[in-house]
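> next one to model:
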Amino acid sequence: MSDVKSYVCGKNKKPEGATPAVLLVNPKYDRNVGATQRACSCFGIHQLWWTGNRVTLDIEKGRKLPRKERMKGYRDVELRQHDYPFDEFPGATPIAIEVRENSEMLIDFVHPENPLYVFGPEDGSVPRQVLQHCHRFVAIPTRHCTNLAAAVYIMFYDRLLKQHLAGNEQQLFTPGEFENRGWANEDEYMNAFG
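Numbering: from 1, shown residues only. This next block holds a predicted model:
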């Protein structure tokens, strides 16, 4: 008897989306997907989804995201390329990060418990057919558009800050503490450099 693997797809497939998560709509550059993967890893977001075929990964052929963008924590983030990602997130609250007439300003935005953060491509806006799936719209108050990875970092920092202010955050780390590197405490640092 051979080892036969089966995979259920279609209507009977169990959804695989886990919030909080990020959805990039038809990203243009693999370096931006890599930088977004790094942002997800930094803030403990475990799934990064994207649509379209401008960025593709073929691990068997050696096609990966740029290493410099992935860092050590990249393994913590699942990468999923899917053209119908909203089917994978029943019960989620899709939030388009997009400047629209009815967008909430990020400063006043209250992050839901089950967010799917939706970001448009570097060379355009979130398409109408994607916006139809979104329940909320958020604008980042900057003078100019940020790049994709910067927008992701801003959203996650805002989420962490508001969780902290509400007393709901998880344990906070510095990169050295989380990765168990660097100085064990401030006294050691001050003895060496103070």
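> show me where this structure has strands.
21-24, 47-50, 78-81, 93-97, 104-105, 115-119, 136-139 (DSSP state E).
> out of those strands, which gets the lowest mean score?
Ranked by mean pLDDT, the strands of the chain end with strand 78-81 at the bottom, a mean of 92.
> so the residue lying closest to Asp158 once chain neighbours are set aside versus Asn168, what's the distance?
Using C-beta to C-beta, 6 or more residues apart in numbering and skipping the chain neighbours, the partner closest in space to Asp158 is Leu106 (5.7 Å). Heads up, the C-betas are built off the backbone N, CA and C, glycines and all. Noted for Leu106: a distance of 18 Å to Asn168, by C-beta to C-beta, to the nearest Å.
> ditto for Ala92
To Asn168, Ala92 is 19 Å away according to C-beta to C-beta.
> counting neighbours, go ahead and name the busier of these two.
Between Ala92 and Asn168, counted using other C-beta atoms under 10 Å, Ala92 has the larger neighbour count: 23 against 9.
> skipping adjacent residues, who's closest to that one in space?
Closest residue in space to Ala92, ignoring its immediate chain neighbours: Leu116 at 4.4 Å, by C-beta to C-beta, 6+ apart.
> what sits opposite the one you found in the beta ladder?
Ala21, Pro94 (DSSP bridges).
> who touches it in this structure?
Listed by C-beta atoms under 8 Å, 6 or more residues apart in numbering, the contact set of Leu116 reads 17, 19-23, 86, 89, 92-95.
> where do the helices sit along this protein?
Counting by DSSP state H, the chain has helices at residues 30-42, 67-70, 128-131, 148-165, 175-178, 186-193.
> okay, buried residues for the longest one please.
Of the residues in helix 148-165, those scored as buried under the neighbour-count criterion (16 or more other C-beta atoms under 10 Å) are 148-149, 151-156, 158-160.
> noted, bye for now.
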